[in-house]
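A.B. asks: everything below, folded, please.
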Amino acid sequence: MISLRKIYNFFIFKIIFIYLKTKGIKISFQSKFHSFPKLKINGLSSNIEIGSIEVLGTIDLRNRENGKIILEDKVKIESDCRFVSAREGTIKIGKGTIITKGAVINGGGNVIIGENSILGPRITINANEHVFKKGVLIKDQGFIHKDIIIEDDCWFGTNVVINKGVTIKRGSVVGACSLVNKDTEIDSINAGVPSKKISERVK
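C.D. replies: Here you go, the predicted structure:
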C-alpha cells in the first residue's frame with residue numbers, strides 16, 4: 001500500500017518540476033526536488049539542464065552571461081548547496097555523484113566533475129580568483145579564471161577547498177580541511193594545507 005508520505009512527495013516533485021519547466025529550465029520528469037530551489041538566473045534559463053536527480057533540501061542555482069549548469073542522471077545533492085556559473089563556463093556534475101550538505105561551486109571557468117564521486121560537507125570549489133594588486137580596491141579588480149577537472153571515483157572529506165586550475169585525477173581521495181592547489185595523482189590519498197600525497201589506495 002502506498003503511504004501518504006509517498007503520495008505527498010510525488011505531488012511535491014511534480015509541482016517543482018512544473019515550476020522549473022515554466023522557468024525555461026531543461027529538466028527530467030523523473031527529477032526529485034524535496035523543496036523549491038532558489039533561482040538567480042541572469043543568463044539563459046535553458047543553459048540549466050537537470051537529469052533524473054534527487055535534491056534532498058534547498059539548493060541555490062545561479063547563472064549569468066552564458067554560464068551553464070548540467071546535472072546528469074542519478075546525481076544526489078543534499079541541502080544548502082550553491083552552484084554559480086558565469087561567463088562561458090560550465091558546471092557539470094556526472095552521473096552517480098553525491099554532493100553533500102553546504103557545497104559551494106563557483107564557476108566562471110569550467111568545473112567538470114566526473115561520475116560516482118563523493119564531495120563531503122561544505123566543500124568549496126572556485127574556478128576563479130580575485131585579482132588583488134596593490135593600490136586598487138580588490139572588489140574593483142575583477143577575476144582570473146581557470147578550469148577545474150575532477151575525474152571519476154573521487155572522494156573529498158569535510159571542508160575541502162579546491163583552487164582554480166586544478167585536475168583531481170581518477171580515484172583520488174582528499175582528507176578533511178585540505179586545500180588543493182595542484183593536480184593529484186591517480187588513486188592517490190592527499191591531505192594538508194596545501195595538500196600533498198600522503199599515501200595511495202590499495203586493493
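A.B. asks: pLDDT weak spots in this structure?
C.D. replies: 1-2 (pLDDT under 70).
A.B. asks: repeat that with 90
C.D. replies: For the chain, residues meeting the criterion pLDDT under 90 lie at 1-10, 203.
A.B. asks: show me where it has helices.
C.D. replies: 4-22 (DSSP state H).
A.B. asks: surely Asn159 touches Cys177?
C.D. replies: Yes. Asn159 is within contact range of Cys177, at 4.8 Å (criterion: CB atoms under 8 Å). C-beta coordinates here come from the backbone N, C-alpha and C atoms, glycine included.
A.B. asks: overlap of the contact sets of those two?
C.D. replies: With contacts taken as CB atoms under 8 Å, 6 or more residues apart in numbering, Asn159 and Cys177 have no neighbour in common.
A.B. asks: which residues does the residue positioned nearest the centre of the chain bridge with?
C.D. replies: Geometric centre of the chain, nearest residue: Ile105, 4.8 Å, by CA atoms, centre = their mean. Beta bridges link Ile105 to Phe83, Ile125 when assigned by DSSP bridges.
A.B. asks: over to Ile168?
C.D. replies: Ile150.
A.B. asks: correct me, but it touches Asp183?
C.D. replies: Yes. If you go by CB under 8 Å, Ile168 and Asp183 touch, sitting 7.5 Å apart.
A.B. asks: neighbour count: those two, which is higher?
C.D. replies: Higher neighbour count among Ile168 and Asp183: Ile168, with 25 against 13, using other CB atoms under 10 Å.
A.B. asks: list the residues that contact that one.
C.D. replies: Here Ile168 is in contact with 148-151, 154, 162, 174, 180, 183-184 (CB under 8 Å, 6+ apart).
A.B. asks: again, but for Val180
C.D. replies: Counting by CB under 8 Å, 6+ apart, Val180 touches 160-163, 166, 168, 174, 190, 194-195.
A.B. asks: what does Ser178 give?
C.D. replies: 157, 160-161, 190-195.
A.B. asks: okay, those in JSON lines with distance to Lys74 and neighbour count next?
C.D. replies: Shown next, in JSON lines, are the contacts of Ser178 (distance: CB to CB, whole Å; neighbours: other CB atoms under 10 Å):
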{"residue": "Gly157", "distance to Lys74": "22", "neighbour count": "17"}
{"residue": "Val160", "distance to Lys74": "22", "neighbour count": "25"}
{"residue": "Val161", "distance to Lys74": "26", "neighbour count": "20"}
{"residue": "Asn190", "distance to Lys74": "26", "neighbour count": "23"}
{"residue": "Ala191", "distance to Lys74": "29", "neighbour count": "18"}
{"residue": "Gly192", "distance to Lys74": "32", "neighbour count": "14"}
{"residue": "Val193", "distance to Lys74": "33", "neighbour count": "11"}
{"residue": "Pro194", "distance to Lys74": "32", "neighbour count": "12"}
{"residue": "Ser195", "distance to Lys74": "28", "neighbour count": "24"}
